[in-house]
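the sequence and its predicted three-dimensional model are supplied below.
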Amino acid sequence: MQGNAQQQAYDRGITIFSPDGRLYQVEYAREAVKRGTASVGIRTADGVVLAADTRVRSPLLERDSVEKLHKVDDHIGIASAGHVADARQLIDFARRNAQVNQLRYEEPIGVESLTKDITDQIQQYTQTGGARPFGVALIVGGIENGEPRLFETDPSGTPYEWKALAVGGGREDLIDFFEEEYEEGLDLDAGIDLALRGIAEINDGDLDAEGVTLGTVDVETERFRRHDDDEIETYLSEIDLGGDDE
Amino acid sequence: MNDFNHGMDPTSGPESLDDALQNPYEPELGSLPASNRDEESVNKTGTTTVGIATENGVVIGTDRRASLGGRFVSNKNVQKVEQIHPTGALTLVGSVGGAQSFIRSLRAEVNLYEARRGEDISIPALATLAGNFARGGPFFAINPILGGVDEDGSHVFSIDPAGGVMEDDYTVTGSGLTVAYGTLESLYEDDLTIEEARTVAAEAVNAAAERDTGSGNGIHITEVTDEGVEIEAYEFDDLL
């Protein structure tokens, strides 16, 4: 009982390390991310792909009101997993930061710089009394100096760069899948296929256009673009998804 | 137990979370100085500074005279150009104090940018930043030229006291600018080499030194290439 009470104490204070050096609230925030449906990111030779599992719980819910894929600036998009409300705060922070960079230097912000601005903001919420960490993980994808870049932010405020990754529920399975299937030098279409196949993989091999949100930033236009249902349908039929398969 | 509940009152906000957004019109380190000084006693450069962009780099010519109110020569050996970037230099035109603090701020920003991002700030971005500081802060009473080289090649910008930023192939600022422009208009050509541009810059500053009381006492020639910045002092006779 005594031990339990002590542990609870480390549990509560966000700014307090446990004796074995853990920040329980940050770990709980990671659990919150896992409770969200997955988002994935794939870096290809000619662009980045962001996709989110956006199956809705009720046919009454308007799909467009589920926000998991966000345009941040012309050349950068972010996919999120976890608490949508927390994600919105970080997305708005990212959008304003992107414009501040434009005001300050008259240059589009770099994907890496933006990611680190976001993670520095997240980190503050792991070290400040009275705050709660962000219960969200983000995939930041875009073009920087003509090169596709893909980053992850987690609730501790650590930035990571990936070739392909997933956040949210099913992350481990998805990353295993991408480790098997990812190839260097993929083109954008192959990257889209891989992202969709990944999301199908954790949905028992089944996926339709209404259950996924897809966005890309390609090196040619350097513009974030959301793909509509018809386009997604085409991609799905190319890889024999969207109906019964396997 | 209570020890662990610091700051955990759900009705009180976080202790010190601020929105980490940067003010684009101010330096990130330090602050812009206050305005309102006794303008009579302030050292002014008077000045003629010339910037010329060539294929292989930028040439900047600056005279070496500082004056009080344009009527008294307060220094005969002033270097009115400073390196502010691995491949960029800024001229001091107008209030010496304003220009010097402006340069210190920009250097700090350039270093911070490189340390954070692992690459040097581009010259147009640096020009925008300089324009923002001139615009957003007190009236610096400066009118510098920024010359530099980046992956897009050579750039010459003039920055006016209100924050106006204009790029050109060649530009002049300072009290001797009309005289120097006259010379440049007859000597400047599109395909000058660096060597030729040095002579053209020297001719232009020399012409201004002959007629403008705020300019004179020799010249510094600065070469900015992708290798770096080189500044050297000369008498006009050495070059012309």
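Alright, I've got the coordinates. Numbers count the residues shown, from 1 in each chain, chains lettered A, B, ... in the order given.

just to check, residue B:192 is in contact with residue B:200?
Yes. With the criterion set as C-beta atoms under 8 Å, residue B:192 and residue B:200 qualify as a contacting pair; they are 6.5 Å apart. Yep, even glycine has a C-beta here, placed from its N, CA and C like the rest.

could you tell me which residues touch both of the two?
Taking C-beta atoms under 8 Å, 6 or more residues apart in numbering or on different chains as the contact rule, residue B:192 and residue B:200 both touch residue B:52.

for the longest helix along chain B, name the packing helices and strands.
Scanning chain B for the longest helix, with DSSP state H as the assignment, gives helix B:96-117. The contact analysis (3 or more C-beta pairs under 8 Å, 6 or more residues apart in numbering or on different chains; DSSP states H and E) places helix B:96-117 against helix A:111-124, strand B:43-44, strand B:81-85, strand B:88-91, helix B:123-136.

that helix to helix B:123-136, inter-axis angle?
Our comparison of helix B:96-117 with helix B:123-136, counting by axes from the mean of the first three to the mean of the last three C-alpha atoms, to 10 degrees, yields an angle of 130 degrees.

so where's the longest helix in chain A?
helix A:84-105.

and the helices in chain A, which stretches?
Here chain A has its helices, by DSSP H, at A:2-12, A:24-34, A:84-105, A:111-124, A:171-181, A:188-201, A:229-238.

in the second one, what's buried?
For helix A:24-34, a neighbour-count test (16 or more other C-beta atoms under 10 Å in any protein chain shown) marks A:24-26, A:29, A:32-34 as buried.

just the third one next, same as before
Within helix A:84-105, the residues scored as buried using 16+ other C-beta under 10 Å are A:84, A:86-87, A:90-91, A:93-95, A:97-98, A:100-102, A:104-105.

now, which of the residues you listed lie close to chain B?
Among those, the residues lying close to chain B (C-beta under 8 Å from any C-beta of the partner chain) are A:93, A:97, A:100, A:104-105.

burial measure for residue B:22, as a count.
When neighbours are defined as other C-beta atoms under 10 Å in any protein chain shown, residue B:22 has 14 of them.

part of a strand, is it?
No. When DSSP: H, G, I helix; E, B strand; the rest coil is applied, residue B:22 is found to be coil, with no strand at that position.

list the contacts of the nearest residue to it once chain neighbours are set aside.
Spatially, and ignoring its direct neighbours in sequence, residue B:22 is nearest to residue A:100 (5.4 Å; C-beta to C-beta, 6 or more residues apart in numbering or on different chains). When the contact criterion is C-beta under 8 Å, 6+ apart, the partners of residue A:100 are B:21-22, B:24.

list the buried residues in the longest helix of chain B.
If you call a residue buried by 16+ other C-beta under 10 Å, then helix B:96-117 has these buried ones: B:96-99, B:101-103, B:105-106, B:109-111, B:113.

among these, which one lies nearest to residue A:173?
Closest approach to residue A:173 among the buried residues of helix B:96-117 (C-beta to C-beta): residue B:113, at 40.5 Å.

wait, the closest one sits on residue B:122?
No. Residue B:113 lies out of contact with residue B:122 (C-beta under 8 Å); the separation is 9.8 Å.

thinking again about what came up before, the longest helix of chain B vs helix A:111-124, what angle?
Direction vectors for helix B:96-117 and helix A:111-124, defined by the same axes, to 10 degrees, enclose an angle of 90 degrees.

can you give me the neighbour number for residue A:45?
Neighbour count for residue A:45, taken as other C-beta under 10 Å: 14.

now residue A:35: phi and psi?
Reported as degrees, to the nearest 10, the phi and psi values for residue A:35 are phi -70, psi -20.

how about it: what's its closest non-neighbour residue?
Distance criterion C-beta to C-beta, 6+ apart; nearest residue to residue A:35, sequence neighbours excluded, is residue A:169 at 6.7 Å.

phi, psi of that neighbour?
Main-chain torsions, residue A:169, degrees, to the nearest 10: phi -60, psi 140.

contacts only, for it.
For residue A:169, the set of contacting residues under the criterion of C-beta under 8 Å, 6+ apart consists of A:34-38, A:81, A:202.

and these, which of them are buried?
Among these, the ones that count as buried by 16+ other C-beta under 10 Å are A:34, A:36-38, A:81, A:202.

picking that back up, from chain B, how far out is the residue nearest to residue A:35?
Going from residue A:169 to chain B by C-beta to the nearest C-beta, to the nearest Å gives 28 Å.

got it, and residue A:33?
21 Å.

dump the residue contacts of that residue.
When contacts are counted by C-beta under 8 Å, 6+ apart, residue A:33 is found next to A:81-82, A:135-137, A:154-155, A:167-168.

hey, what's residue 50 bridged with?
Answering for chain A, as no chain was given. Under DSSP bridges, the beta-bridge partners of residue A:50 are residue A:41, residue A:215.

let me rephrase: I mean chain B.
Legend: beta-bridge partners of residue B:50 under DSSP bridges are residue B:61, residue B:172.

right, and it touches residue B:80 too?
No. Using C-beta under 8 Å, residue B:50 is not in contact with residue B:80, being 11.1 Å away.

between these two, tell me which one has more neighbours.
Comparing residue B:50 with residue B:80 by neighbour count (other C-beta under 10 Å), the higher total belongs to residue B:50, at 35 against 28.

before we move on, back to that, ok, so of the contacts of residue A:33, who is nearest residue B:62?
Out of the contacts of residue A:33, the one with the shortest distance to residue B:62 is residue A:154. That distance is 51.5 Å, counting by C-beta to C-beta.

that closest one and residue A:32 touch, don't they?
No. Using C-beta under 8 Å, residue A:154 and residue A:32 do not qualify as a contacting pair, with a distance of 11.4 Å.

report the residue spans of the chain with pLDDT below the cut-off.
I went with chain A, as the question did not name one. With pLDDT under 70 as the threshold, chain A has low-confidence stretches at A:1-14, A:242-246.

think we crossed wires, I meant chain B
Scanning chain B for pLDDT under 70 picks out B:1-16, B:18-20, B:33-45, B:139.

ranges for the helices of it?
Along chain B, counting by DSSP H, helices occupy B:96-117, B:123-136, B:177-187, B:194-211, B:236-239.

can you give me the distance of the residue nearest to residue B:22 to residue B:60?
Residue A:100 sits 31 Å away from residue B:60, taking C-beta to C-beta, to the nearest Å as the criterion.

contact partners for residue A:219?
By C-beta under 8 Å, 6+ apart, the contact set of residue A:219 is A:46-47, A:143, A:146-148.

how about 6 Å then?
When contacts are counted by C-beta atoms under 6 Å, 6 or more residues apart in numbering or on different chains, residue A:219 is found next to A:46-47, A:143, A:146.

out of those, who's nearest residue A:76?
residue A:143 (8.0 Å).

settle this for me: residue B:180 is touching residue B:171, isn't it.
No. Between residue B:180 and residue B:171 no contact is recorded; they are 9.9 Å apart, counting by C-beta atoms under 6 Å.

counting neighbours, go ahead and name the busier of these two.
Set residue B:180 next to residue B:171 and count neighbours by other C-beta under 10 Å: residue B:180 wins out with 30 against 22.

separation between the more buried one and chain A?
Summarising the geometry, the distance separating residue B:180 from chain A, computed by C-beta to the nearest C-beta, is 28 Å.

so how far is residue A:146 from that residue?
For residue B:180, the distance to residue A:146 (C-beta to C-beta) stands at 39 Å.

partner residues bridging the residue positioned nearest the centre of chain B?
For chain B, the residue whose C-alpha lies nearest the mean C-alpha position (C-alpha atoms, centre = their mean) is residue B:90; its distance is 2.8 Å. On the basis of DSSP bridges, residue B:90 is bridged to residue B:82, residue B:146.
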